[in-house]
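Novice: Any chance you can model this:
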Amino acid sequence: MNAEKEYFIHLLSCFLNGDTPRIADVDWNEIYKLAEIHNLCGIICQQIKYLPKENQPKEQLKSYFKQHLGFAIRLDEKRDSAKHLVDGFLNKNGIDHIFVKGVEIKSYYPVPELRTSGGIDV
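Specialist: Numbers count the residues shown, from 1 in each chain. A predicted model of the protein is given here:
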């Protein structure tokens with residue numbers, strides 16, 4: 001495992017555990033690629049803000065991370081709206097149901113809006 005992969009995992013661990021990330025000399029382009037592949041750019045962006053300015057990605061790459069953060073938040077809002085719509089429909093029609101997986105697990109995340117999931121499982 002290379003330094004970028006280790007640091008990527010470190011940033012995720014810090015996010016989940018509420019820790020401040022350590023400073024590391026890494027290739028932020030590689031971190032970005034990993035974050036994009038795993039749909040975790042929003043979480044990595046959240047952690048970048050805890051680093052000293054000189055240890056953060058350069059402005060253009062930092063902007064890409066921020067864009068993903070915004071997309072993640074907007075997607076979460078859409079997903080929440082859809083969940084409430086489904087919940088209302090099922091309740092209105094007297095259909096017993098529970099929501100499972102990502103849509104419920106997100107409440108355990110430090111920043112629930114950054115929980116990545118693809119759908120609403122009922």
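Novice: what's the helix or strand for residue 97?
Specialist: In the assignment (DSSP states H and E), residue 97 maps to no helix and no strand.
Novice: Find the nearest non-adjacent residue to it, please.
Specialist: Nearest non-adjacent residue to residue 97, counting by C-beta to C-beta, 6 or more residues apart in numbering: residue 90, 4.8 Å away. The way it works is simple: take the backbone N, C-alpha and C, and place the C-beta from them, glycine included.
Novice: which other helices and strands contact the strand or helix carrying that neighbour?
Specialist: Using DSSP H and E, residue 90 maps to helix 59-92. Judged by 3 or more C-beta pairs under 8 Å, 6 or more residues apart in numbering; DSSP states H and E, the packing partners of helix 59-92 are helix 28-37, helix 41-48.
Novice: Give me the angle between the last one and helix 59-92.
Specialist: What separates the directions of helix 41-48 and helix 59-92 is an angle of 120 degrees, with axes from the mean of the first three to the mean of the last three C-alpha atoms, to 10 degrees.
Novice: Check which helices and strands helix 41-48 is in contact with.
Specialist: Partner elements for helix 41-48 (3+ C-beta pairs under 8 Å, 6+ apart): helix 3-17, helix 28-37, helix 59-92.
Novice: got the angle for the longest one vs helix 28-37?
Specialist: Helix 59-92 runs at 10 degrees relative to helix 28-37, counting by the same axes, to 10 degrees.
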